[in-house]
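[1] Quick one: sequence and predicted model below, then my questions.
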Amino acid sequence: MSMEVEELVTRLSAVEGRLVEHASLPVPSGLSDPDPGGEERWEAGQVWAHLAEFPSYWMNQMRGILAKRDSYVPEPIPFGRTKSDPDRIGAVERDRHEDPAALLRRVRESLAWVADELRSLPHEAWEARGLHPTLGEMDLRRIVDRFIVSHLEEHADQLDSLDA
């Protein structure tokens with residue numbers, strides 16, 4: 001799994017670089033393209049607010065799965081949220097007018113934590129299985145890829161579409 005972990009961490013680093021570049025630019029106007037399979041179109045502030053809150057949310061969800069697994073809770077272990085989650089919506093609304101540079105600091109702190117956590121997981125932890133309310137059963141690697149790494153890449157793509 002260490003090669004796969006390093007691939008995830010490398011992708012985290014690459015998307016972080018993209019976000020650093022975006023934060024150095026003037027805040028663009030307009031609405032983003034929807035995320036893949038979605039309909040939400042956001043202004044840059046909403047994208048940044050979401051970027052600042054979701055990596056740590058999903059890392060904590062992953063840690064919750066592992067803690068329950070260690071307590072012998074049968075797998076797959078329910079986890080996660082949907083786009084209609086009031087805490088998700090509230091965080092986006094609360095922080096959407098913050099300076100992207102301030103939100104980037106939060107993103108970078110979260111990504112450093114995520115990378116450290118991923119590298120420290122024992123091999124057997126990657127076998128843990130969660131049950132998402134809409135996507136169903138997922139192993140830990142798929143959870144990290146879908147909800148943290150790919151999700152960051154999708155939102156960096158949204159910012160790309162605004163900068164065009």
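    The structure has been received and is ready for your questions.
[2] For the rest of this, base every contact and every neighbour count on C-alpha atoms.
    OK.
[3] Give me the residue at the spatial middle of this protein.
    In the chain, the centroid-proximal residue (Cα atoms, centre = their mean) is I148; its distance is 3.1 Å.
[4] and that one, what pLDDT?
    Predicted confidence (pLDDT) for I148: 97.
[5] again, but for S32
    For S32, pLDDT reads 87.
[6] and the host helix or strand of V5, which residues are buried?
    Here V5 sits within helix 2-23, counting by DSSP states H and E. Using 16 or more other Cα atoms under 10 Å as the test for burial, helix 2-23 gives 5, 8-9, 11-13, 15-16, 18-20, 22-23.
[7] next one: stretch 59-72
    M59, Q61, M62, G64, I65, L66, R69.
[8] That stretch - what's its average pLDDT?
    On average, stretch 59-72 scores 97.
[9] neighbouring contacts of it?
    75, 77-80, 114, 125, 128-130, 140, 143-144, 148 (Cα atoms under 8 Å, 6 or more residues apart in numbering).
[10] which ones among the residues you listed are found in helices?
    V114, L140, I143, V144 (DSSP state H).
[11] nearest spatial neighbour of the first one, skipping sequence neighbours?
    By that I understand V114. Spatial nearest neighbour of V114, chain neighbours left out: M59 (6.6 Å); criterion: Cα to Cα, 6 or more residues apart in numbering.
[12] Before we go further, that neighbour is sitting in a strand, right?
    No. Counting by DSSP: H, G, I helix; E, B strand; the rest coil, M59 is not part of a strand but helix.
[13] measure it to V47 for me?
    19 Å (Cα to Cα, to the nearest Å).
[14] Where does pLDDT dip in this structure?
    Residue ranges of the chain with pLDDT under 70: 1, 35, 163-164.
[15] mind listing the strands for it?
    77-78, 129-132, 136-139 (DSSP state E).
[16] Can you say which of the ones you listed is packed in most?
    strand 129-132 (a mean of 21; mean count of other Cα atoms under 10 Å).
[17] Centre of the chain to that strand, how far?
    In terms of Cα atoms, centre = their mean, to the nearest Å, the centre of strand 129-132 is found 16 Å from the chain centre.
[18] elements contacting it?
    strand 77-78, strand 136-139 (3 or more Cα pairs under 8 Å, 6 or more residues apart in numbering; DSSP states H and E).
[19] Adding distance to P100, write those strands out as JSON lines.
    Shown next, in JSON lines, are the helices and strands packed on strand 129-132 (distance: least, Cα to Cα, whole Å):
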{"stretch": "strand 77-78", "distance to P100": "33"}
{"stretch": "strand 136-139", "distance to P100": "32"}
